[in-house]
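Visitor: Quick one, structure for this:
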Amino acid sequence: MGDLRNPRLIWAKGVLFLILGFMAAGTILVLAPDLRVAALLVICVWAFCRSYYFAFYVIQNYVDAGYRYAGLTDFVRYALGKKTPRPPDP
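Guide: Purely as a prediction, here's the structure:
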């Protein structure tokens, strides 16, 4: 399967991820309507967003500028020391 290049489809994909996230969070809060659960959900989402930022921005811009990741699997391989260099983007 090739890369997604159509801007409308990319936007649609982003919106669908946002809807999915709101639906999942809403379902969790309906099943367990508690402020502690809501706070933990917020912390969980924030922490995962920061770890994603770390994996794809911080590592490439501050730790190893010559390495490019294709996804989280590549990052895990890199973090475990199984670095496989990829040619730079054109």
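
Visitor: ok, now which ones touch residue 20?
Guide: Shown in contact with residue 20 (C-beta atoms under 8 Å, 6 or more residues apart in numbering): no residues. Quick note: C-beta positions are derived from backbone N, CA and C, even for glycine.

Visitor: avg pLDDT for the helix or strand residue 30 falls within?
Guide: For residue 30, the host element (DSSP states H and E) is helix 7-31. Summarised as a single mean, pLDDT over helix 7-31 is 95.

Visitor: Now do it: distance to the chain's middle.
Guide: 14 Å (C-alpha atoms, centre = their mean, to the nearest Å).

Visitor: Take the next helix or strand after that helix, keep the C-alpha atoms, and write them as PDB.
Guide: The helix or strand immediately downstream of helix 7-31 is helix 35-53, counting by DSSP H and E. Below are the C-alpha coordinates for helix 35-53, written out as PDB (Å, rounded to 0.1, in the frame of the first residue of the first chain):
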ATOM      1  CA  LEU A  35     -13.500  12.800  38.500                       C
ATOM      2  CA  ARG A  36     -10.500  10.600  39.300                       C
ATOM      3  CA  VAL A  37     -11.100   8.500  36.200                       C
ATOM      4  CA  ALA A  38     -11.500  11.700  34.100                       C
ATOM      5  CA  ALA A  39      -8.200  13.100  35.600                       C
ATOM      6  CA  LEU A  40      -6.400   9.800  34.900                       C
ATOM      7  CA  LEU A  41      -7.700   9.800  31.400                       C
ATOM      8  CA  VAL A  42      -6.500  13.300  30.800                       C
ATOM      9  CA  ILE A  43      -3.000  12.400  32.200                       C
ATOM     10  CA  CYS A  44      -2.900   9.300  30.100                       C
ATOM     11  CA  VAL A  45      -3.700  11.100  26.900                       C
ATOM     12  CA  TRP A  46      -1.200  13.900  27.700                       C
ATOM     13  CA  ALA A  47       1.600  11.400  28.600                       C
ATOM     14  CA  PHE A  48       1.100   9.400  25.400                       C
ATOM     15  CA  CYS A  49       1.100  12.600  23.300                       C
ATOM     16  CA  ARG A  50       4.300  13.700  24.900                       C
ATOM     17  CA  SER A  51       6.000  10.300  24.400                       C
ATOM     18  CA  TYR A  52       4.900  10.400  20.700                       C
ATOM     19  CA  TYR A  53       6.400  13.900  20.400                       C
END
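
Visitor: That's all I had, so thanks and see you.
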